[in-house]
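[1] When you get a sec, could you give me coordinates for this:
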Amino acid sequence: VQLQASGGGLVKPGGALTLSCVASGFTLDSYAISWFRQAPGKEREAVSCISSNDRSTYYGEAVKGRFTISRDNVSKTVYLHMNSLKPEDTGVYYCKAFELSTMIDYWGQGTHVTVSS
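    Take a look at the predicted model:
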């Protein structure tokens, strides 16, 4: 069972990145997927979440209007499309899968995003 986050990198302010979170070893359909991030010296914070049935999404105030979360259960992939990136978006981004009926969750290993000129 594994979640693999990828897509991070170095981008200039105003730029865009798309992060991917790929599940293996389990079916993604019944899991809500969240993205969290942790900046150096700060606590981990929730960035975005998408429900298992793809009907509900959540965005943190800091990213509303700039980030979009989506999922493809066939490919077992959840995406975080990040636009108009700011230096304060810098951090390690983690994905988490959570199944409400069993209270089971899985975490990905994190992917680094650096927004700097």
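
[2] any idea of the pLDDT on the residue nearest the centre of the chain?
    Residue closest to the mean C-alpha point of the chain, counted by CA atoms, centre = their mean, is Trp35 at 3.0 Å. Reported pLDDT at Trp35 in the predicted model: 98.

[3] Test of understanding: give the bridge partners of it.
    Ser48, Cys95 (DSSP bridges).

[4] where's it relative to Lys76, distance?
    Separation of Trp35 from Lys76 (CB to CB, to the nearest Å) stands at 16 Å. For every residue, glycine as well, the C-beta is placed using N, CA and C.

[5] number of nearby residues for Ser48?
    23 (other CB atoms under 10 Å).

[6] hang on, it packs against Ser70?
    No - the criterion here is CB atoms under 8 Å, and Ser48 misses it with Ser70 at 10.0 Å.

[7] bridging residues for the nearest residue to Asp54 once chain neighbours are set aside?
    Nearest residue to Asp54, sequence neighbours excluded (CB to CB, 6 or more residues apart in numbering): Arg71, at 5.9 Å. For Arg71, the beta-bridge partners under DSSP bridges are Val78.

[8] Could you verify my assumption that Arg71 touches Cys95?
    No - if you go by CB under 8 Å, Arg71 and Cys95 don't touch, sitting 10.7 Å apart.
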